[in-house]
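Asker: Curious how this folds, go ahead:
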Amino acid sequence: MSDTGVPARLSAVYMLDQVLGEGRLMSELLGAGVLDKLPVEDRARAARLAQDTLRSLERADRILQKHLSKYPPLTVRNALRVGAVELCQGAAAHGVVNAMVEVVSRQKNFGHLKGLTNAVLRKVAADGPEAWAALRAPRLPKWLRGPLVEAWGAEAIGAMEVAHFAGAPLDLTAKSDPKAVADATGGVLLPNGSVRVSDAGQVSAMPGFDAGDWWVQDAAAAVPVQVLAPVAGERVLDLCAAPGGKTMQISASGAQVTAVDESPSRMKRVGENLVRTGLKADLIVEDARAVTGSYDACLLDAPCSATGTMRRHPDLPHAKDGSEFGDLIDLQEQLIDHAWSLVRPGGRLVFCTCSLLPDEGEVQIDDALLRHADMTVNTPVPDGIDPAWITSEGGLRLRPDYWADKGGMDGFYIARLDKSA
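Answerer: This is a model prediction of the structure:
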């Protein structure tokens, strides 16, 4: 890692420019290799700085606005945001200010604003930390906050925003022995059997990684397979399967799993994880709507807005504007209907989305019931899950503010649909 921290900060500012100026997702940027030239430590630092700044954007802007008569160009503003977040979170003022001045001085068209950067960040170093502590948790952008408040109420959304600001710990799913994984990694067992690890560090260096004893998977993301409850010997179809956590859960149950996803690169990762964990699945790279056959059970983790994962991916509400939601909702409907055609009589389908929007969960099931006379909602409550989270149409609603005392969870909607015999 560089002594000055300038390369990591330059990369963090670049990623913020791309997210806030171009609407690109951090996963897309990282997949394109924007950090590949940095040492491993600097890559982690750059990603953390960008995520912390996105998570704290409203706070950073409130701290900066009293020191600015007008906002500078986006790149300089993002440099100030990164610096403000670091300073207000306790980083040494001298190192942060000097590094951010250097970052701005290296910008082709904005080098003349290094004096402004120096002056503003020195003022933030003096009064920012105290003001920071008094500010509320940052609010979601208006385009998303409005629909969510309408769905869940202002108090619930406020609690979710607190969870988003807190970020997310690392959750693991054990292949066979959750307690042994918790003991080995220093984690704690969650009520549903997931293992939660704080301050995990480099994942691949953790005990049990090379042996394939576990894989990374948010506790909420592990619940759909627990609802599906696959049985050894069953033929189970996992649609839209990448990155493969649910595929491995199904395989670990002893079921014969066929995993389908249209992304070759993401399915390559699924294959690598199966090899690491010693689990087996038939992998098919194909549009889920083109799959044929008959299965005892099907899991459909449909493409969605991913609004339930914002505590882990704080770029989402800033890179998106909701314009694609209509197409996603239409696609989910098509996928439900096709998946239902692949479930044998007497079989079952679990539909889930990592979304907080009822249109991508509860409403989809209400509509599906009208289209399919042989469909019944029958969602069991897995161990450790509060029965009060079952919704009026019979699905299971998970939210980031649930398990607040344990570090929260991703937002998910899950429903099991039984087909009449």
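Asker: Gln226 - that's part of a helix, no?
Answerer: Yes: under DSSP: H, G, I helix; E, B strand; the rest coil, Gln226 sits within a helix.
Asker: Which residue is the nearest non-sequential neighbour of it?
Answerer: Pro382 (3.9 Å; C-beta to C-beta, 6 or more residues apart in numbering). For the C-beta atoms, the positions are set from N, CA and C on the backbone; glycine is no exception.
Asker: Can you give me the distance of that neighbour to Thr353?
Answerer: Plainly put, Pro382 is 18 Å away from Thr353 if you go by C-beta to C-beta, to the nearest Å.
Asker: Looking at those two, which is more packed in?
Answerer: Taking neighbours as other C-beta atoms under 10 Å, Pro382 and Thr353 compare with Thr353 leading, 29 against 19.
Asker: Help me confirm that the more buried one comes into contact with Thr307.
Answerer: No: checked against C-beta atoms under 8 Å, the pair Thr353 and Thr307 is beyond contact range at 9.2 Å.
Asker: Show me what counts as buried in stretch 332-339.
Answerer: For stretch 332-339, a neighbour-count test (16 or more other C-beta atoms under 10 Å) marks Gln332, Leu335, Ile336, His338, Ala339 as buried.
Asker: Looking at it now, give me its mean pLDDT.
Answerer: In this model, stretch 332-339 has a mean pLDDT of 98.
Asker: Give me the contact list for the helix or strand Asp296 falls within.
Answerer: Using DSSP states H and E, Asp296 maps to strand 295-301. Under the criterion C-beta atoms under 8 Å, 6 or more residues apart in numbering, residues 224-225, 228, 230, 234-241, 246, 250, 255, 258, 288, 335-336, 339, 342-344, 347-354 lie in contact with strand 295-301.
Asker: Spell out, range by range, the helices that occur in the stretch 151-300 of the chain.
Answerer: 154-166, 178-185, 219-228, 245-252, 264-277 (DSSP state H, counting those that start in this stretch).
Asker: can you put the buried residues of stretch 332-339 in JSON lines and add distance to Ala220?
Answerer: Output for the buried residues of stretch 332-339, formatted as JSON lines (distance: C-beta to C-beta, whole Å):
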{"residue": "Gln332", "distance to Ala220": "18"}
{"residue": "Leu335", "distance to Ala220": "20"}
{"residue": "Ile336", "distance to Ala220": "20"}
{"residue": "His338", "distance to Ala220": "25"}
{"residue": "Ala339", "distance to Ala220": "21"}
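Asker: and Arg196, what does it touch?
Answerer: Arg196 sits next to Pro169, Leu170, Asp171, Leu172, Gly187, Val188, Leu189, Leu190, Ala219, Lys406, Gly407 when contact means C-beta under 8 Å, 6+ apart.
Asker: actually Leu29, sorry about that
Answerer: Met15, Gln18, Val19.
Asker: Next: Leu20.
Answerer: Counting by C-beta under 8 Å, 6+ apart, Leu20 touches Leu74, Asn78, His318, Ala319.
Asker: Which members of those residues are positioned in strands?
Answerer: Using DSSP state E, no member of the contacts of Leu20 sits in strands.
Asker: Scan the residues you listed and report the most crowded one.
Answerer: Asn78 (25 neighbours).
Asker: quick one: that one and Ser11 touch, right?
Answerer: No: at 11.6 Å, Asn78 does not count as touching Ser11 under the criterion of C-beta under 8 Å.
Asker: pLDDT weak spots in the stretch 251-400 of the chain?
Answerer: Within the stretch 251-400 of the chain, not a single segment meets pLDDT under 70.
Asker: All the strands of it, residue numbers only.
Answerer: Along the stretch 251-400 of the chain, counting by DSSP state E, counting those that start in this stretch, strands occupy 256-261, 282-285, 295-301, 343-353, 375-377, 396-398.
Asker: Those strands: which one's closest to His112?
Answerer: The closest of the strands of the stretch 251-400 of the chain to His112 is strand 343-353. By C-beta to C-beta, the value is 47.7 Å.
Asker: Quick check: the residue nearest in space to the middle of the chain vs Ala221, distance?
Answerer: For the chain, Thr309 is the residue whose C-alpha lies nearest the centre (C-alpha atoms, centre = their mean; 3.3 Å). Using C-beta to C-beta, one gets 9 Å for the distance from Thr309 to Ala221.
Asker: So what touches stretch 369-378?
Answerer: With contact meaning C-beta under 8 Å, 6+ apart, stretch 369-378 is reached by 337, 340, 345, 348, 365, 368, 393-395, 415-420.
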